[in-house]
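K.L.:
Could you look at this predicted model? Sequence included:
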Amino acid sequence: MKVISIYSRNSLKRSLVYKWDIWISVLSGIFNILGMLFLWSVVYKNSGKSSIGGYNFNSIVLYTLMSNLTAMIINVDIARIISNEVKSGEITNSFIRPVSYITKLVGEGIGHILFNLIMLFSPIISILIIYMNIFNIKSEITLGSILFYTVSLLFSIIINFEISILVGFCSFYVNYIWGFILLENAILTIVTGQLFPLNFYPDKVVKFLEITPFYYINFGPVSILLNKFSKYNSIRILLIQSVWCIILAIFVSIIYNKAKTRLQINGS
């Protein structure tokens with residue numbers, strides 16, 4: 001844990017160095033949310049319906065805010081870190097250190113998440129509270145749903161972290177993985193529920209997504225927070241998330257060992 005905390009602090013300090021990047025991240029997050037809220041206001045106004053897919057306008061506003069906040073929190077950008085270290089050759093030094101490379105990545109990932117919580121989540125959640133008070137928006141969020149959401153969010157962070165590692169490990173086999181990273185971001189935006197609730201999709205698509213880890217990265221935690229699931233289904237989602245954490249961890253371990261062997265064989 002001490003080693004992880006050292007990597008976490010260093011990662012957080014590096015993130016806090018570039019003040020302009022911080023402000024750009026905050027403002028881009030706010031404008032992205034405002035743009036989506038404007039889009040939903042147009043959709044609801046022109047549809048002539050008070051509810052779409054089981055969400056009234058206030059519900060979709062809360063969902064949009066929380067899904068984007070969740071996406072901001074869990075973003076660790078580990079794939080880019082791995083890619084840069086492979087291209088620079090730094091990865092070989094990481095492999096010969098007494099500390100596991102995965103441990104190093106975990107520490108850096110925690111540092112990124114702490115940065116997201118401090119610099120992105122805090123100001124935007126403040127705007128959310130002010131917005132709800134100004135427009136007198138009532139939510140179904142309870143203390144119980146917040147607790148369930150917190151646990152689900154932790155699992156979501158782990159799942160997203162493991163997927164990012166797997167994408168990053170592609171750099172052991174191809175020279176440039178920016179295309180993979182862009183594809184990952186695009187796919188996750190669409191299939192995790194960040195863009196809109198997954199139950200807007202046809203039932204067959206939703207059923208398919210339920211057997212993938214993507215369903216449990218964003219849509220699952222946010223729906224738990226907004227009390228869209230019963231207590232039984234919320235617990236069920238937590239259990240499925242824990243299973244996916246284990247399955248993906250096994251894949252990470254297998255591919256990590258193969259990648260390490262590949263570097264040693266190539267003499268890098």
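P.N.:
Arrived safely, thanks for sending. Residues are numbered from 1 along each chain as shown.

K.L.:
what's the model's confidence in stretch 7-17, averaged?
P.N.:
If you average the pLDDT over stretch 7-17, you get 77.

K.L.:
Ser25 looks like it's in a helix, true?
P.N.:
Yes - looking at Ser25 with DSSP: H, G, I helix; E, B strand; the rest coil, it is inside a helix.

K.L.:
Tell me the secondary structure of the closest residue in space to it that isn't next to it in sequence, please.
P.N.:
The shortest distance from Ser25 to any non-neighbouring residue, by Cβ to Cβ, 6 or more residues apart in numbering, is to Leu120 (6.1 Å). Backbone N, C-alpha and C define where each C-beta goes, glycine included. Following three-state DSSP, we place Leu120 in the helix state.

K.L.:
Is Leu120 in contact with Met72, as I believe?
P.N.:
Yes - if you go by Cβ atoms under 8 Å, Leu120 and Met72 touch, sitting 4.8 Å apart.

K.L.:
Need the residues touching each of the two.
P.N.:
Contact criterion Cβ atoms under 8 Å, 6 or more residues apart in numbering; residues bridging Leu120 and Met72 by contacting each: Gly29.

K.L.:
contacting residues for the residue nearest to Ser25?
P.N.:
Leu120 touches 25-26, 29, 72-73, counting by Cβ under 8 Å, 6+ apart.

K.L.:
Tell me the one of the residues you listed nearest Ser41?
P.N.:
Nearest to Ser41 out of the contacts of Leu120 is Gly29 (Cβ to Cβ; 19.0 Å).

K.L.:
Okay, the closest one and Asn199: tell me how far apart.
P.N.:
To Asn199, Gly29 is 25 Å away according to Cβ to Cβ, to the nearest Å.

K.L.:
Pick out whichever of these two has more residues nearby.
P.N.:
The residue with more neighbours, out of Gly29 and Asn199, is Gly29; 21 against 17, by other Cβ atoms under 10 Å.

K.L.:
okay, and for the stretch 151-268 of the chain, where does confidence drop off?
P.N.:
262-268 (pLDDT under 70).

K.L.:
same thing but 50
P.N.:
In the predicted model, the stretch 151-268 of the chain carries pLDDT under 50 at residues 265, 267-268.

K.L.:
Around Ile129, count how many other residues there are.
P.N.:
Neighbourhood size, Ile129 [other Cβ under 10 Å]: 9.

K.L.:
So for it, what's the pLDDT?
P.N.:
You'll see Ile129 listed with a pLDDT of 76.

K.L.:
Which of the helices or strands spans Phe251?
P.N.:
helix 231-266 (DSSP states H and E).

K.L.:
And the helix or strand encompassing Trp40, what does it pack against?
P.N.:
Trp40 is part of helix 19-47 when elements are defined by DSSP H and E. If contacts are counted by 3 or more Cβ pairs under 8 Å, 6 or more residues apart in numbering; DSSP states H and E, helix 19-47 sits against helix 57-74, helix 122-134.

K.L.:
Pull out the buried positions in the shortest one.
P.N.:
Buried positions in helix 122-134, judged by neighbour count with 16 or more other Cβ atoms under 10 Å: 124, 128, 132.

K.L.:
For that helix, which helices and strands make contact with it?
P.N.:
Looks like helix 122-134 contacts helix 19-47, helix 57-74 (3+ Cβ pairs under 8 Å, 6+ apart).

K.L.:
Could you tell me the least trusted of those?
P.N.:
Within the helices and strands packed on helix 122-134, confidence is poorest for helix 19-47, with a mean of 80 (mean pLDDT).
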